[in-house]
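> for reference, the sequence and a predicted model appear below.
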Amino acid sequence: MTEVLAADGRPLKASLNRALRRQKLRALALIAPLLIFILVSFVMPIADMLFRSVENEIVSDTLPRTVQALESWDSSSGEAPGEAVFNALYTDMALATEYKSHTRLGSRLNYELTGVSSLFRKSGRRVKRFDTDVYADAFRDADPAYADPSQWAAWMGDDTVRAAVPVTAATYDAWAKMIVEVDNDDPAKEEPWDFVYTSLYNEAVAGASLPVAVDVSGVEPVSLREQFVEVDKNWLDIDVWQTIKIYAPKYTNGYFLNSVDLLKGPDGAEARPESERIYVVLFIRTMIMSLSIMGMCVLLGYPIAWLLANLKDRTANLLMILVLLPFWTSLLVRTSAWKVLLQQQGVINDVLVWIGLVADDGRLQLINNQTGTIIAMTHILLPFMILPLYSVMKTIPPSYLRAAKSLGATDWTAFWRVYFPQSVPGIGAGCILVFILSIGYYITPELVGGTKGVFISNRIAYHISSSLNWGLAAALGSILLAVVLLLYWVYDKIVGIDNVKLGG
Amino acid sequence: MSGLPPYASTGQRVWYYSFRVICGVIFFFLIAPILVIIPLSFNAENFFTFTPEMLAFDPAGYSTKHYQDFFTNSDWQLALRNSLKIAPVATLLSVSLGTLAAIGLSQSHVPFRRAIMAVLISPMIVPLIISATGMYFFYSNPYIPIPFYGKLELPFTLTGTYWGVVLAHAALGIPFVIITVTATLVGFDQSLTRAAANMGAGPVTTFFRVQMPLILPGVVSGGLFAFITSFDEVVVVLFVGSAGQKTLPWQMFTGLREQISPTILAVATILIAVSVALLFVLEMLRRRSERLRGLSPG
């Protein structure tokens, strides 16, 4: 079989393939700028949020030595950790105080255990005034070389010294780094701080060979455990140490456990005390309220869509304005309208009192509760139900109903058995759209919902701007996102994203 | 539903009229809250309900003082200026990038078309609070993480800056541009561009002289959607912006949450006028687009 050739002598198949490839590339080249833009400005931020919901580097970054020392501590022993852990904590705290990261860690751990924040702040203030200066003095008195910054720098550049006192070398490095980064000074011109001498003393006692031999047996040891406990007795609290140990890994599922009212305990997830459970209730409430809003929208939207689909075009277009005007009106305008209308001294209550339905002293509480949120959000989302319903109903031929009736069906049977099943795709599309939109609503519940009528999104906003528990906000957001994406996928299957229509 | 047949039974008549009444009530529910705002904004008192003077149509009960407040108060004026500075630039970004991409997407052989479409539409589907959370975190990083490369360091962060808000709003507006422009391109006859190319027009000329005028209604209505999205957006600007980027909806939001002042009603009335104008423009565009499509074959 001979190959078919194109005009330029190449095989036709290759030539066609090449043209197709070029076409594909051109299409992709047109899409690429936008795709990159969306990736950077939208998709990456979402990914960042997902990452933050599990990220937990702050503990191991701020207290690296303590975390390591804690590994050998058994939390079930019922005893607070021993001197070694407190030694590590001393170095970590002394450094963290300079970086001012101990308060951040304190507030981070405070989300898990109340009181840690003040514990850290208090200890941070006092850690520089611990009695460990006796070690420094002892070394300096024993040999002036220990008081010489340049001598220290020389030692720490010498591999044999480093090998002899590895802990001190590591502590010195961390100190030198801090001196450069925080104080902008030269470590070779600064005398090391007390915690470096403390490491050196500990190693000397353990029998390490010092660069210049010093007899430390005469120095009264300072118990850092006692020093810390003197600052705050809570350092003996097992819970504090357990919390640090549990949140030591770089990644945690703690935020997710928190957002479903669980607690990360030493042996995995535990239920939270009854009084602290809020999120599951909030998720359920968000679901129920979104479902009621959706139900209200179907109830109110169906008759309107039917009417619009069955009227003469001219009249339908005119009435359509009544649907589109709210659709196009600013969300804030509609929310402020409801805020004004629903107040106890507002227009609706005034009218009800005027008619005589309610007494002047028995005005209805319509705002700052679930009623307010449902009324306002039904109004705001109703067009999103009417428009897809209308476009589906427009395609149902009216002759079907007439045929059913001429075959003897009553009005109701004709509607229920013939018309309604054909309008179900419209209901499905509208319902999912309204549900997706309402489940993530923030502004309207915030303004008219009070405390009882708020959604999970209001809690997310609270954790970002007020409590600053970003990890928890990210975890709550991730759960909400998963629900929405699932619905989006269903919507895509049923309706197809290409078929989303805007404004009729 | 077009009229009652003469043989309709009493039950059918009753249902016919009560159905109309029900629909009337629902239409009232839809439109009344918006219309009530308008007379209330002319209230001479600082009340949010109709005063006896207003109900008696006494001219003393009405005044434009809330409008004067809006036009003289520096907070509101700053908010208005910010809104007018942010929305057009964000719109321009989303329209230009979105139109190009929509043209690309409407060609016949696009690999991963569905997936790309899903990504591009996602800003419309993802709840604003989640977008806002993500952007708040991400825009405060002074770098862009690039897979397999590392971090591309930036000499600035976007949180609390004008450009941060513009970028965020442009991303939110893109789905609307994509949807409207691809919908217009469905009715676009590709042989027109081939004909233009055949007669010697380059791709750029073809685009601006042949394709653009035909899809312009879709582009403009997409742009209007993008504009209104940015102009009306609060959640993202609350998180990404700082006090310097306070927009009109932001000012309304804080006004409603903290001390509710009747000036909000005046602003709301002005915004209603803007949306009526937008609605009118869109309707004109729809008619024009239908007319053009009627002319072009296919």
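Structure received. Computed from a predicted structure; not experimentally measured. Numbers count the residues shown, from 1 in each chain, chains lettered A, B, ... in the order given.

> surely A:Ala269 forms part of a helix?
No: under the criterion used here (DSSP: H, G, I helix; E, B strand; the rest coil), A:Ala269 is strand, not part of a helix.

> gap between it and chain B?
Distance of A:Ala269 to chain B, given as C-beta to the nearest C-beta, to the nearest Å: 24 Å. In short, each C-beta sits where N, CA and C put it, glycine included.

> residues contacting that residue?
A:257, A:262-263 (C-beta atoms under 8 Å, 6 or more residues apart in numbering or on different chains).

> of those residues, which belong to helices?
Mapping the contacts of A:Ala269 onto helices (DSSP state H) picks out A:Leu257.

> okay, the contacts of A:Ala269 in a markdown table with pLDDT next?
What follows is those, written out as a markdown table (pLDDT from 0 to 100):
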| residue | pLDDT |
| --- | --- |
| A:Leu257 | 89 |
| A:Leu262 | 86 |
| A:Leu263 | 81 |
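
> and the spatially closest residue to B:Pro155 that is not a sequence neighbour, what does it touch?
The spatial neighbour of B:Pro155 that comes closest, neighbours along the chain excluded (C-beta to C-beta, 6 or more residues apart in numbering or on different chains), is B:Pro142 at 7.6 Å. Contacts for B:Pro142 (C-beta under 8 Å, 6+ apart) come out as B:153-157.

> same thing but 10 Å
Residues in contact with B:Pro142 (C-beta atoms under 10 Å, 6 or more residues apart in numbering or on different chains) are B:151, B:153-158.

> likewise for B:Asp232?
Contacts for B:Asp232 (C-beta under 10 Å, 6+ apart) come out as A:328-333, B:83, B:87, B:247-249, B:271, B:274-275.

> tell me how far it lies from B:Ser131.
15 Å (C-beta to C-beta, to the nearest Å).

> then A:Val59?
Noted for A:Val59: a distance of 29 Å to B:Ser131, by C-beta to C-beta.

> likewise A:Arg121?
Where B:Ser131 is concerned, A:Arg121 sits at a distance of 35 Å (C-beta to C-beta).

> so where is the stretch 51-200 of chain B shaky, pLDDT-wise?
For the stretch 51-200 of chain B, not a single residue meets the criterion pLDDT under 70.

> so out of everything in it, what residue is nearest chain A?
In the stretch 51-200 of chain B, the residue that lies nearest chain A is B:Pro127 (2.1 Å; C-beta to the nearest C-beta).

> ok, that residue touching A:Val484?
Yes: counting by C-beta atoms under 10 Å, B:Pro127 touches A:Val484, with 6.0 Å between them.

> all strands for the chain, in order.
Went with chain A since none was named. Ranges of strands within chain A are A:262-265, A:268-271, based on DSSP state E.

> right idea, wrong chain: chain B
Using DSSP E, strands in chain B cover B:143-146, B:150-153.

> quick check: which of the ones you listed is buried the most?
Most buried of the strands of chain B, by mean neighbour count (mean count of other C-beta atoms under 10 Å in any protein chain shown): strand B:143-146, with a mean of 12.

> tell me what that one is packed against?
Under the contact definition 3 or more C-beta pairs under 10 Å, 6 or more residues apart in numbering or on different chains; DSSP states H and E, strand B:143-146 sits against helix A:44-52, strand B:150-153.

> turn these into JSON lines, columns for distance to A:Leu299.
Conversion of the helices and strands packed on strand B:143-146 to JSON lines gives the following (distance: least, C-beta to C-beta, whole Å):
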{"stretch": "helix A:44-52", "distance to A:Leu299": "34"}
{"stretch": "strand B:150-153", "distance to A:Leu299": "52"}
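
> how does chain A divide into domains?
Following automatic domain parsing, one finds the domains of chain A at A:1-52, A:62-129+A:225-252, A:133-221, A:279-499.

> Serialize those domains to JSON lines and add fields for mean pLDDT and mean neighbour count.
Listed next are the domains of chain A as JSON lines, based on pLDDT from 0 to 100; neighbours: other C-beta atoms under 10 Å in any protein chain shown:
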{"stretch": "domain A:1-52", "mean pLDDT": "87", "mean neighbour count": "15"}
{"stretch": "domain A:62-129+A:225-252", "mean pLDDT": "88", "mean neighbour count": "18"}
{"stretch": "domain A:133-221", "mean pLDDT": "86", "mean neighbour count": "17"}
{"stretch": "domain A:279-499", "mean pLDDT": "89", "mean neighbour count": "19"}
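
> center of chain B - which residue?
B:Ile228 (2.6 Å; C-alpha atoms, centre = their mean).

> returning to that earlier point: who has more neighbours out of A:Val59 and B:Ser131?
Each of A:Val59 and B:Ser131 has its neighbours counted (other C-beta atoms under 10 Å in any protein chain shown); B:Ser131 has more, 28 against 22.

> show me what contacts that one?
B:Ser131 neighbours (C-beta under 10 Å, 6+ apart): A:41-42, A:45-46, A:49, A:440, A:477, A:481, B:122-124, B:168, B:171-172, B:235-236, B:239-240.

> local confidence estimate at the residue nearest to the centre of chain B?
For B:Ile228, the pLDDT comes out at 90.

> return the residues of the stretch 101-250 of chain A in contact with chain B.
Within the stretch 101-250 of chain A, no position is adjacent to chain B by C-beta under 10 Å from any C-beta of the partner chain.

> which single residue of the stretch 101-250 of chain A ends up nearest chain B?
Counting by C-beta to the nearest C-beta, the stretch 101-250 of chain A gets nearest chain B through A:Arg104, at 14.9 Å.

> kindly report the same for the stretch 251-400 of chain A.
A:Asn310 (3.6 Å).

> hang on, that residue packs against A:Arg402?
No: between A:Asn310 and A:Arg402 there is no contact under C-beta under 10 Å: 11.9 Å.

> contacting residues for the residue lying closest to B:Tyr139 once chain neighbours are set aside?
Nearest residue to B:Tyr139, sequence neighbours excluded (C-beta to C-beta, 6+ apart): B:Leu158, at 3.8 Å. Contact analysis of B:Leu158 by C-beta under 10 Å, 6+ apart lists A:41, B:135, B:138-142, B:164-168, B:240.

> again, only using 8 Å
B:139-140, B:164, B:167, B:240.

> hmm, back to that, quick one: closest of the strands of chain A to A:Val347.
strand A:262-265 (45.9 Å; C-beta to C-beta).

> if you count neighbours, what's buried in that closest one?
Of all the residues in strand A:262-265, those buried under the rule 16 or more other C-beta atoms under 10 Å in any protein chain shown are A:262-264.

> for stretch B:94-114, same thing?
Within stretch B:94-114, the residues that count as buried by 16+ other C-beta under 10 Å are B:94-107, B:110, B:113.

> select only the buried ones of the contacts of B:Leu158 in PyMOL?
Buried subset of the contacts of B:Leu158, written as a PyMOL selection, criterion 16+ other C-beta under 10 Å:
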select buried, chain B and resi 139+164+167+240
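
> enumerate every residue touching the closest residue to B:Pro33 other than its chain neighbours.
Using C-beta to C-beta, 6+ apart and skipping the chain neighbours, the partner closest in space to B:Pro33 is A:Ala337 (4.1 Å). By C-beta under 8 Å, 6+ apart, the contact set of A:Ala337 is B:33-34, B:36-37, B:268.

> ok, the nearest residue to B:Val89 once chain neighbours are set aside - how many residues close by?
Counting by C-beta to C-beta, 6+ apart, B:Val89 lies nearest to B:Val166, which is 5.1 Å off, once chain neighbours are set aside. Neighbours of B:Val166 under the rule other C-beta under 10 Å: 24.

> much appreciated, bye for now.
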